[in-house]
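Engineer: what shape does this take:
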Amino acid sequence: MRSILFTLFLLVTFLSSSQINDIEFAEKKGLVTSEAFNEVVKEDFGYLIFNNFTPEQGASITAKETDTKLQVSLKVFESNYGIFTTSISANASDGVYFFDEDQGQSAQINANYFKFFKPSYKYYEPEDKDKNGFRKVVYDSLSIPKKTLEKIQTELINEQKLKKDTALYKSYLKQINKSLNHLKYLSSIYINSDKSIGFSKLKPEKAIKIDIHDKNGDLSNLKIAGELNKVVAKTDKIKKMFIGLEKMLAKKAWKTKRLWFISAHATYQRESFNRFIPNSTLSFNQQFALQTGDIFSSRIYGSYFQQRISPEKYKYIPKIIVFRPFMEFGRISNRINFSEITINSNEIISNTTSTNQSRTAYIGENSYEYGNSIQIGVEAYLFPVNYNFGFFAQIGHQWNHFSRLKNVKNKELTPFRAGILVGFKGKNKKPAVTAQFFIDRTDFSLAPNGNDSDLRVGLSLGIPFKF
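Structural biologist: Below is the predicted model of the structure:
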């Protein structure tokens, strides 16, 4: 597609511009239109991995010493109000986890919302030949379908004077007016908002020839429909073509691109684990019970993105920076206070026989309880050159509060994760797989080795995809 646009641009750059001088192009504020820059931003963030570095539309798997997490994410819909996604994930300490299984740890359902604010950028002024070439493309792309639609419109209006049965023709006129209004809108963006010196003066350099009459000289519904379908199809693609050309011409003119955005994430989590509750009056297997719980949380990010395309004197500054402070509120459990152990038993079955049994389960607090949690933190991502290689760190501080009546101690945690990111591109030069190699800490107050052993090494693979 880009090669076709580039060839088209080169061709029209050298064509005559006698008609184009009759209209007045308004000086554009900025390097590209807001629509084109939004497309640039979407490309930058289309595969940028948010929220534990899982694609917002894709699949990921994260493996570390304690458990494995599988997540699938989908974009629900996108509008001017923002982007909505959803994801489903499951953690398992052994095998594949479904709700309420002994080997499971948790399963989550997430609803995510992203809203981008007005971006800012710096740029080098494009060369005059690039400006004039783009204007010629705009002129021809708008003037030709405009003249074609107006010719068909005139024929139809004249025909209405002769015929009373105009229902079909009115539908044609409605379609024509819709396409002309779209062309006026594009003209107001790319030429001039004053249509008297912009859209109204659009005239193609060559005469437009169309044939919508039958052999008897009457209008042919079949030919009208055919001509309209062709010109409407071309009209619908014009904006996409303009944006593609804008991005192509702006590629060598960027200095920096900046963007602020917010995101909100609501999570429901179902956790389960196999507890060992000692009771000498019960048999060994009867002392194990499946513990389940329902956890809720909401997290809000305020994020900043910057991409730098600058002279070599700034070569030691990262090309891409993403900075994301956050706050989270939620309902939590004291699940973290339980530890996994292997329990052995030599149970006497009768006076003459006994059996050795062994099971893995969790022990800890006297009871499983719910509490409230508040967490603040920040995430930072640095890419020295591009998205193919980068570094990241995530740190927060969490306050877990339980009711005094529940006899569970309040706890403060300082979770931390840091590592490197490596992106692998596919045949279309777009990311096929993103790998995250990291070290993980539950709490900085714990020792990374010894009895606490609060240090894990992990790997996460993200695979973006589209429907």
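
Engineer: centre of the chain to the lengthiest helix in the chain, how far?
Structural biologist: In the chain, assigned by DSSP state H, the helix with the most residues is helix 128-160. For helix 128-160, the separation from the chain centroid amounts to 36 Å (computed by Cα atoms, centre = their mean, to the nearest Å).

Engineer: mind giving me the packing neighbours of that helix?
Structural biologist: helix 2-13, helix 167-190, helix 221-250 (3 or more Cβ pairs under 8 Å, 6 or more residues apart in numbering; DSSP states H and E). Where C-beta positions appear, they are placed from N, C-alpha and C, glycine not excepted.

Engineer: what about that helix, average pLDDT?
Structural biologist: For helix 128-160, mean pLDDT rounds to 81.

Engineer: likewise stretch 326-338?
Structural biologist: Mean predicted confidence for stretch 326-338 is 91.

Engineer: and stretch 435-445, by the same measure?
Structural biologist: pLDDT averaged over stretch 435-445 gives 85.

Engineer: and for that stretch, what are the contacting residues?
Structural biologist: Residues outside stretch 435-445 that contact it (Cβ atoms under 8 Å, 6 or more residues apart in numbering) are 49, 53, 62, 64, 336, 392, 412-424, 448, 454-462.

Engineer: just to revisit the earlier point, list the buried residues in the longest helix of the chain.
Structural biologist: Neighbour-count burial for helix 128-160 flags 130, 133-149, 151-153, 155-156, 159 (criterion: 16 or more other Cβ atoms under 10 Å).

Engineer: do stretch 215-227 as well
Structural biologist: So for stretch 215-227, counting by 16+ other Cβ under 10 Å, buried means 219, 224, 227.

Engineer: low-confidence regions, the stretch 301-450 of the chain specifically.
Structural biologist: 310-316, 346-355, 387, 426-432, 450 (pLDDT under 70).

Engineer: on that earlier part again, same list (the buried residues of stretch 215-227) but as CSV, adding distance to residue 168 and pLDDT.
Structural biologist: Putting the buried residues of stretch 215-227 into CSV (distance: Cβ to Cβ, whole Å; pLDDT from 0 to 100) gives the following:
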residue, distance to residue 168, pLDDT
219, 10, 72
224, 9, 79
227, 15, 81
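
Engineer: let me know the closest of the residues you listed to residue 40.
Structural biologist: residue 227 (35.3 Å; Cβ to Cβ).

Engineer: so how far is residue 203 from the closest one?
Structural biologist: According to Cβ to Cβ, to the nearest Å, residue 227 and residue 203 sit 19 Å apart.

Engineer: again with residue 192
Structural biologist: 15 Å.

Engineer: more crowded one of those two?
Structural biologist: residue 192 (18 against 15; other Cβ atoms under 10 Å).

Engineer: can you tell me which residues contact that one?
Structural biologist: Neighbours of residue 192 in contact, by Cβ under 8 Å, 6+ apart: 23-26, 198-199.

Engineer: going by neighbour count, list what's buried in stretch 194-202.
Structural biologist: Here stretch 194-202 shows 198-199, 201-202 as buried, counting by 16+ other Cβ under 10 Å.

Engineer: C-terminal to the helix or strand hosting residue 434, what's the next element?
Structural biologist: If you go by DSSP states H and E, residue 434 is part of strand 431-441. Going down the chain from strand 431-441, the next helix or strand is strand 456-464, by DSSP H and E.

Engineer: strand partners (parallel or antiparallel) of that following strand?
Structural biologist: Using DSSP bridges, the strands paired with strand 456-464 are strand 58-64 (antiparallel), strand 431-441 (antiparallel).

Engineer: on that earlier part again, and the angle for the longest helix of the chain with helix 167-190?
Structural biologist: Orientation check (axes from the mean of the first three to the mean of the last three Cα atoms, to 10 degrees): helix 128-160 against helix 167-190 gives 160 degrees.

Engineer: got the domain ranges for this protein?
Structural biologist: Using automatic domain parsing, the domains assigned to the chain come out as 19-39+128-250, 53-122+253-464.

Engineer: for the closest residue to residue 192 other than its chain neighbours, list the residues it contacts.
Structural biologist: Distances taken as Cβ to Cβ, 6 or more residues apart in numbering place residue 198 nearest to residue 192, at 3.4 Å, with adjacent residues excluded. By Cβ under 8 Å, 6+ apart, residue 198 lies in contact with 23-24, 26, 187-188, 191-192.

Engineer: now, which of those sits nearest residue 238?
Structural biologist: Once Cβ to Cβ is applied, the member of the contacts of residue 198 that ends up nearest residue 238 is residue 187, at 10.4 Å.

Engineer: right, and that closest one touches residue 197 too?
Structural biologist: No: at 10.5 Å, residue 187 does not count as touching residue 197 under the criterion of Cβ atoms under 8 Å.

Engineer: thank you kindly, that will do.
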